[in-house]
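Undergrad: The following block contains a protein sequence and its predicted model.
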Amino acid sequence: MGQAGRTRPDRGVRRLQRALVGGLLVIVAASSQAQPAAKQVLVLQSFERGTVVVDAFTGNFRVSLDQSAGKPVNVVQVVVGPTGLVGAPEQAVVDYIRSIFADRPPPDLIVTVAGPAALFARKHRQQLFPGTPLLFASVDQAWLRDAPLGENESAVAVVNDLPRLVEGILRVLPETRQVFMVVGAGPLRDFWRRELESGFTRFQGRVTFVWPDETSLPEILHRFASLPSHSAIVYLSFASDAQGGAYADEQVFDDLHATANAPLFGALSPLFGHGIVGGSMISIGDLARNTADVASRILNGEPAASLRIPPLMAGQPMFDWRELERWGIPESRLPAGSVVQFRRPSLWAEYKFTVLAAVAVLVLQSLLITRLLYEHRARQRAEIESRRNLALAADANRRETISALTSSIGHELAQPLTAIMQNTEALQMLVTPNREATDETGEIVADIRADAALATQIINRHRAMLRSRQLEMKPIDLHSAIDQTLGLVAHDMRARQIQATLELSSTPCVIDGDQVLLAQVLVNLVKNAMDAMAETPPARRQITIRSAVRAADVEVSVCDTGTGLPADIMRTLFTPFVTTKSHGLGIGLTIAQRIVEAHAGTIAAHGNVDGGATFTVTLPRSATAGSAPNGRARQIHPERTVSAVNAD
């Protein structure tokens, strides 16, 4: 039981497996029958890979065939020309091709590339595949005239008009006398020589054609490095040299282009752009596409004998601008309608956006520089105008100051003038009728002279204040400027009952400056201090002038006991036309600041703890030493100010 139970399920499983495998085989067979079989195309090439023209044709042909056939295509390539299976008999090549298709269906189409392959196919067609259509590609039209197409044959031919190429050379280089032909060695060279010598007879007496017989490529390169003048080189192909060495076209052509001392020309488009000058060339791309189109039509069922297309001819003349420049060929010699490629782009064409950006930057920079120059000149004009206005304002301030001191001037002059009048009357009374002078006469005359000198000094001091001046920098002692200032305001101080105290340094307070302008600054500060004490009781009206001499600078301060400086005016204290006086213009401190700054100094103000304000002027110290008053503190009372001035 147990064994029988185990047997039945095993048999059922095996039957299910056989059914599944059988179903899969049916599905695979059905799918394989649903997919069309790939078409087989046999391509017989005349030259081995490495030939620029053949490689360009084969690559373009296979791409175009895949695009136009509309079905899978399997391409088998075999080289049957001079460089294919080198040394093997042709029958061995035939056997090799038949062995390729021994285990597969025969080819649906045979395509030959260039003349040697076409000759091979015609010769051995019956041994190969006699019923397969044959398509001759890239064969000369003259060959087809000598060997007409058969019943199952078609062709995509070309017109190799090499004499036309030579005519183009003579057009652009009319002084050409020798044309050297590069076509390799062996049967290929002999073939081209036979084909071309008959067409070149028209140039007899004008051009000599040279077919090199050198045994190796290095010898050819050595000869081409020193060709005679008025020479040109025509490159057709170079599969191998006389020694049997195989070379790639690209390598040979690059070596020729770098070595030869004459321009290179060619008749096939793949060489264009690699060193040939140019001319009318056959487009290998068009030839490959035409061949692929005819091949796809044959593969799709059209009879080969029904497809007859015109041969492909050389196209529009094309020239390489770089080679024209290298060999000095003017474009005026080119045929009408010529296309010049590889022209070096102009700066505008190659760097358009860079040029635009650079121009924009230059324009912006120019505008910025112009603006800066304009602002610089405007600033210069403003500075000149500011100096002019400062001079005018200083002059106006001096005039205002002098107008305020007019009464002081009158009082100052009244005393010496009164004394002069009294002494004059006394002198007249003392003079005897007989014109004899008494002993007192000399004393009276001395007094008159002293009083007149004092009056002249007072007048000159105020006249100097009234004159408009430029800076006259010279070593001065600020102590003398302080004394001059007190002399100018002495009468006003007495009138206002103001006491002045001097606390001057014992060291000479020497600076480089203009004494009149600095005296004007001190007069302004002293007058402001006097005005600030208008509401101060007479007993507390005190002005203290101090000086200090340091290593690099000197400092003079004017301190008063007035109402002080309001907090809201401290920031604008030296701003023009800002004043706390009902009768002031607000330019006195501004002018004082400008004068001090013109002396490379500073002026500052601060309020005193016990009331009033202090203005401090700091100026660079001069290296020149000078005398100064003694460092003792002096009390100058109003009632003694005049005598102090007179003592000067």
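TA: Great, that's in hand. Numbering: from 1, shown residues only.

Undergrad: Measure how buried V234 is and give me the count.
TA: By other C-beta atoms under 10 Å, the residues close to V234 number 21. Bear in mind the C-beta positions are built from the backbone N, C-alpha and C, glycine included.

Undergrad: just the one 3 residues further on next, same as before
TA: One way to gauge burial is a neighbour count; for S237, by other C-beta under 10 Å, it gives 24.

Undergrad: What's the per-residue pLDDT of it here?
TA: Looking at S237, its pLDDT stands at 75.

Undergrad: quick one: secondary structure of it?
TA: Classification of S237 by DSSP: H, G, I helix; E, B strand; the rest coil places it in coil.

Undergrad: Distance of it relative to T201?
TA: 23 Å (C-beta to C-beta, to the nearest Å).

Undergrad: wait, E48 sits on V79?
TA: Yes. Using C-beta atoms under 8 Å, E48 makes contact with V79 at a distance of 5.1 Å.

Undergrad: Could you check which of those two is surrounded by more residues?
TA: With neighbours defined as other C-beta under 10 Å, E48 and V79 compare such that V79 has more, 22 against 19.

Undergrad: in the stretch 451-600 of the chain, which segments are predicted with low confidence?
TA: 451, 453-471, 576-586 (pLDDT under 70).

Undergrad: which residues of it fall in strands?
TA: 474-477, 499-503, 510-513, 542-549, 553-560 (DSSP state E, counting those that start in this stretch).

Undergrad: And this structure, split by domain according to the record?
TA: Split into domains by automatic domain parsing, the chain comes to 1-34, 39-158, 162-281+315-344, 349-378, 472-648.

Undergrad: L390 is nearest to which of those domains?
TA: domain 472-648 (5.2 Å; C-beta to C-beta).

Undergrad: residues in contact with the spatially closest residue to I476 that is not a sequence neighbour?
TA: Of all residues not flanking I476 in the chain, Q515 sits nearest, at 4.5 Å (C-beta to C-beta, 6 or more residues apart in numbering). Residues in contact with Q515, defined by C-beta atoms under 8 Å, 6 or more residues apart in numbering, are I476, S480, A481, Q484.

Undergrad: related to what we said a few turns ago, reformat the strands of the stretch 451-600 of the chain into a markdown table and put distance to V73 next to each item.
TA: Below are the strands of the stretch 451-600 of the chain laid out as a markdown table (distance: least, C-beta to C-beta, whole Å):
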| stretch | distance to V73 |
| --- | --- |
| strand 474-477 | 110 |
| strand 499-503 | 118 |
| strand 510-513 | 105 |
| strand 542-549 | 110 |
| strand 553-560 | 103 |
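
Undergrad: now these in TSV, with mean neighbour count and distance to L522?
TA: Converted to TSV, those look like this (neighbours: other C-beta atoms under 10 Å; distance: least, C-beta to C-beta, whole Å):
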stretch	mean neighbour count	distance to L522
strand 474-477	18	12
strand 499-503	18	12
strand 510-513	22	12
strand 542-549	20	8
strand 553-560	22	7
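
Undergrad: quick one, which of those is nearest to Q341?
TA: strand 510-513 (79.7 Å).
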